[in-house]
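> predicted model follows, preceded by the sequence.
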Amino acid sequence: MSEYETVSGRADIFLQRNPNVPQVKYEWVWELKYCKSNAKKTEINQKRKEGLEELNQYITSNRLKNRPNLKSALLIFIGKNKYEINENDPLIFPKNTDQSAPQNVNKL
């Protein structure tokens, strides 16, 4: 589902497990952010901070907090050729993430 509504906003993508497909173990909440290809490190860090805060709000909302095997991820597109994925386990979601920490930046 896209734009899945929670009390604290709308998750960009929510991949909900289908009970008819028991081999699927996890459900996912994805937050998407976009930066220009020439974005400065501070701009990317700000998008990362915003995205992680939004994910935390979604996964702790009444609608999602009790779902077993829920995972979340932040995907930041940096221009057309790069992206960054930050995967978070809701059981150990970092409260004080160092937003300046180097992240895996991948090329498309």
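Thanks, I have it. Just so you know, these numbers come straight off a predicted model, no measurement behind them. Numbering: from 1, shown residues only.
> next secondary structure after the least confident helix or strand in the chain by mean pLDDT?
Lowest on mean pLDDT, DSSP states H and E among the helices and strands of the chain sits strand 2-6, with a mean of 50. Using DSSP states H and E, the helix or strand that directly follows strand 2-6 along the chain is strand 9-15.
> check which residues of the helix or strand following that next one are buried.
Going down the chain from strand 9-15, the next helix or strand is strand 27-35, by DSSP H and E. By 16 or more other CB atoms under 10 Å, the buried positions in strand 27-35 come out as Glu27, Trp28, Val29, Trp30, Glu31, Lys33, Cys35. (C-beta placed from N, C-alpha, C; glycine too.)
> can you check stretch 49-58 too?
Of the residues in stretch 49-58, those buried (16+ other CB under 10 Å) are Gly51, Leu52, Glu54, Leu55, Asn56, Gln57, Tyr58.
> stretch 71-86 too?
Lys71, Ser72, Ala73, Leu74, Leu75, Ile76, Phe77, Ile78, Lys82, Tyr83, Glu84, Asn86.
> picking that back up, tell me which of the buried residues of stretch 49-58 is nearest to Gln16?
Using CB to CB, Tyr58 is the member of the buried residues of stretch 49-58 that sits closest to Gln16, with 13.1 Å.
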